[in-house]
Each structure stands twice: as structure tokens, then as C-alpha cells.
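Undergrad: let's see this in three dimensions:
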Amino acid sequence: MENKTGKYFKYAIGEIILVVIGILIALQINNWNETQKSAKQEKTYYCKIAEDLQVDINNIDSSLVTIDKRLESSEKFLKNLLKIQNDKAVIFKDFITTFRYYKFIPTKAAIVDITSSGKLEQLRNQTLKKRILSHYTSQDNSIHIIDINYNALIEQLFNVERFTDFGFQEIPQYQTIFDEELQELLTSKQWQQNPDDELFVKIKDAMVLNMIHGEREKELLKGIKADSEQLNDLLVENCN
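TA: Below you'll find the model as predicted:
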């Protein structure tokens, strides 16, 4: 009986050890699976951010092209204005295009999803995570400066105030709004013939400001683009 009890006791201990080993192995496999799953998710996030950055790079290129056209129109307008024109139509043909352009709006779907869902901790590469967050903070600051400058420019434009005297109704893009009779009734001043006229001075200053802001915007956008390209290369390396 003593021998049988001893054997049974050893057998029971052996069974317990096997169960414990089995549990430990299962936990290890589960942890390994979770680690693999987390690593795969991390790579997916890097890929998505890289895709957003590529869209940003393309959109910045489009925006830069339109800013160059805006600056070209502003230069033409300013030159024609300073040459003192008898006919306002000569300067008005370039007026609207001096302010219209393709505004860059960043694509932030991936980073917004990651941060808003509380999954930022899944980006385990701390160096790369800091680099990503730094990029979007810097980008937000640059866009904020661009918006402030553009709003100041629009405010300068609308500071003209005397729209009818200026001749907004005579600008080609707006002429269809006013019929022939109304065009005759809404007569404007020949301010473009007098460099000392308040309207002449205001619109001249607005165009000078427009060209300065345009160059500053190009500088900021090129900075965002360069940083986007560098970050994109890092993400692609960690994405594949």
C-alpha cells in the first residue's frame, strides 16, 4: 500500500507539473501571437501614415504651382497699375487670379485615428513615434502661419471698402452679375490714373503684401514637403 501510495503521489505531482508546463507554453505562445499581432498593426499604422504623407506631398506640389501663378498675376497687375492705365480693364484682367489658388489642406486620417482611438502606445519605436508627432506639430504651426497671413491679406483687400468706386462690378468675372442698365448706373472712379488716390494706394499695398505672403507661403510649404519626404522614407523602411 505504501509503495502504491508513493507511486500515485509521484504520478499526481508529474501530472501537475505537466499541466503547469502546458499552461506556461500556452501563455508563451499567446504572448508571442499578441506580439506578432501588435508588430503587424504597428507596421500597418506606419504604412497608413506614409500614404497620407504621399498625398500631402502631391497636394503641396499642386499648391506651389498655383501660388506661382498667383504671384505671376500679382506681378502683372502691379506693373500694369504702376504704368498708369487709362482703361481699368487692362489691370482688372489679372485681378481675381492674384488671390485665387489651391489651398493646401493636410491629410491626417491615419494620425487622427491613432491618437483619437488611444492606440498611440502601439507605436513601439519611440524614436520614430517622436518624429511623427514632431512632424504634425510643425506642420500645424506652419499652416497656422499661412492662415494668419492669408487672412491679413484678405482683410487688406476688403479694406478697400469703396467697392463701387473701385469698380468690382467691372471685373470680367463679375460683369455677368450686373445687367447693362445697372452697369451704367454703377459708375466707378478712374482711380487707376492717380497714384495719390486712396484706392490706388490701397490696392498697390495689397498687391505688394500679396507677393510677400506668397513667397512666405511657398517657403513654409516647401519646408512641410521636405519634412514629409524625410519622414515618409523612414516610415516606408519600417512599413515593409
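Undergrad: how much space separates the closest residue to Q183 other than its chain neighbours from A89?
TA: Sequence neighbours aside, Q169 is the residue nearest to Q183 in space, at 6.5 Å (criterion: CB to CB, 6 or more residues apart in numbering). All C-beta spots, glycine's among them, are computed from the backbone N, C-alpha and C. Here the criterion is CB to CB, to the nearest Å. By it, Q169 lies 13 Å from A89.
Undergrad: between these two, which one's more packed in?
TA: In terms of neighbours (other CB atoms under 10 Å), Q169 is the more surrounded of Q169 and A89; the figures are 17 against 12.
Undergrad: show the contacting residues for L120.
TA: Taking CB atoms under 8 Å, 6 or more residues apart in numbering as the definition of contact, the neighbours of L120 are 114, 129.
Undergrad: retrieve the pLDDT associated with it.
TA: The predicted structure scores L120 at 80 on the pLDDT scale.
Undergrad: what packs against the strand or helix carrying D227?
TA: With secondary structure defined by DSSP states H and E, D227 is part of helix 198-239. Applying 3 or more CB pairs under 8 Å, 6 or more residues apart in numbering; DSSP states H and E, we find helix 198-239 packed against helix 2-82, helix 126-158, helix 163-166.
Undergrad: not counting its neighbours along the chain, what's nearest the residue positioned nearest the centre of the chain?
TA: Closest to where the C-alpha atoms of the chain average out (CA atoms, centre = their mean) is P106, at 2.5 Å. Taking CB to CB, 6+ apart as the measure, P106 lies nearest to D56, with 5.5 Å between them; neighbours along the chain are not counted.
Undergrad: can you pull the pLDDT of that neighbour?
TA: According to the per-residue confidence, D56 scores 97 in pLDDT.
Undergrad: enumerate every residue touching it.
TA: So D56 contacts 104, 106-107, 224-225, 228 (CB under 8 Å, 6+ apart).
Undergrad: low-confidence regions, this protein specifically.
TA: Per-residue confidence for the chain (pLDDT under 70) gives these ranges: 1-12, 14-39.
Undergrad: ok, 90 please
TA: Counting by pLDDT under 90, the chain has low-confidence residues at 1-45, 96, 99-103, 113-126, 150-163, 168-181, 183-184, 186-188, 237-240.
Undergrad: circling back: just the buried ones from the contacts of D56, in ChimeraX syntax?
TA: Listed next is the ChimeraX selection for buried residues among these, using 16 or more other CB atoms under 10 Å:
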select :104,106,107,224,225,228
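Undergrad: and the two most separated of the contacts of D56?
TA: For the contacts of D56, with distances taken as CB to CB, the pair at the greatest spread is T107 and K225 (13.2 Å).
Undergrad: re the thing from before, the residue nearest to Q183 and E180: what is the separation?
TA: With distances taken as CB to CB, Q169 is found 12 Å from E180.
Undergrad: swap in D196?
TA: Here the distance between D196 and E180 works out to 32 Å (CB to CB).
Undergrad: swap in K222?
TA: Distance, K222 to E180, by CB to CB: 47 Å.
Undergrad: cool, and D52?
TA: Using CB to CB, D52 is found at 51 Å from E180.
Undergrad: who has more neighbours, those two?
TA: Under the neighbour definition other CB under 10 Å, D52 and E180 were set side by side, and D52 has more, 21 against 8.
Undergrad: who's in contact with that one?
TA: Under the criterion of CB under 8 Å, 6+ apart, the neighbours of D52 are 106-111.
Undergrad: rerun that using 10 Å as the cut-off
TA: Applying CB atoms under 10 Å, 6 or more residues apart in numbering, we find D52 in contact with 106-112, 136, 228, 232, 235.
Undergrad: make a markdown table from these and add distance to H213 to it.
TA: Written out in a markdown table, the entries for these read as follows (distance: CB to CB, whole Å):
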| residue | distance to H213 |
| --- | --- |
| P106 | 19 |
| T107 | 24 |
| K108 | 24 |
| A109 | 29 |
| A110 | 30 |
| I111 | 28 |
| V112 | 28 |
| Y136 | 24 |
| S228 | 22 |
| N232 | 28 |
| L235 | 32 |
